[in-house]
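A.B. asks: Sharing a model that was predicted from the sequence below.
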Amino acid sequence: MDTSYPREDYLPTPAHKREPSPTVLAVGTSPPPRDHLIWSIFNTIYMNFCCLGFVALAFSVKARDRKVAGDVEAARRFSSKARCYNALATAGSVVLPLLLAALLVTGVIHLSKLAQESVGFFTYQFSGSDDEDK
């Protein structure tokens with residue numbers, strides 16, 4: 001039985017001297033699908049238009065679970081659904097307030113023109129009718 005200290009050739013190399021292991025994808029494989037979890041959390045908390053952000057969050061969590069379990073195809077399907085619901089929630093939450101603001105501005109402009117026209121109608125003087133009757 002050898003009780004001596006281990007020799008240097010059996011010692012592990014320090015972390016700063018190790019070469020980084022290259023990340024090589026096999027030909028024909030694609031990177032794992034994204035789960036869009038941060039985007040879903042943002043839509044759920046800040047811009048929850050018709051609960052689409054919550055639905056996107058559910059699909060994001062499912063995509064992450066499937067990716068961890070190794071079912072890449074199911075993770076890709078759930079990721080696609082999460083991205084779709086996130087895009088809908090973001091578009092609805094950004095476009096709808098802009099549309100309402102535009103309608104409000106055009107309504108105010110229309111009402112101001114209508115008020116000016118009605119003031120002109122009610123201040124019309126019938127001064128010519130008194131002279132014609134005599």
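C.D. replies: Structure's in. What do you need?
A.B. asks: Residue 51 is in contact with residue 88, correct?
C.D. replies: No - if you go by CB atoms under 8 Å, residue 88 and residue 51 don't touch, sitting 11.1 Å apart. Where you see a C-beta, it was placed from the backbone N, CA and C, and this is true even at glycine.
A.B. asks: Show me which of these two is the more surrounded one.
C.D. replies: The neighbour count for residue 88 versus residue 51, taken as other CB atoms under 10 Å, is higher for residue 88 (17 against 12).
A.B. asks: Could you tell me which helix of this structure is the longest one?
C.D. replies: The longest helix of the chain (DSSP state H) is helix 72-122.
A.B. asks: Distance from the chain centre to that helix, please.
C.D. replies: Distance, stretch centre to chain centre, for helix 72-122: 15 Å (CA atoms, centre = their mean, to the nearest Å).
A.B. asks: where does the chain dip in pLDDT?
C.D. replies: 1-28, 125-134 (pLDDT under 70).
A.B. asks: make it 90
C.D. replies: 1-33, 35, 46-51, 92-97, 114-134 (pLDDT under 90).
A.B. asks: So for it, the centremost residue is which one?
C.D. replies: The C-alpha lying nearest the average C-alpha coordinate of the chain belongs to residue 90 (CA atoms, centre = their mean; 4.1 Å).
A.B. asks: isn't that residue right next to residue 47, touching?
C.D. replies: Yes - contact criterion CB under 8 Å: residue 90 and residue 47 qualify, at 6.4 Å.
A.B. asks: Distance check, residue 51 against residue 45.
C.D. replies: 13 Å (CB to CB, to the nearest Å).
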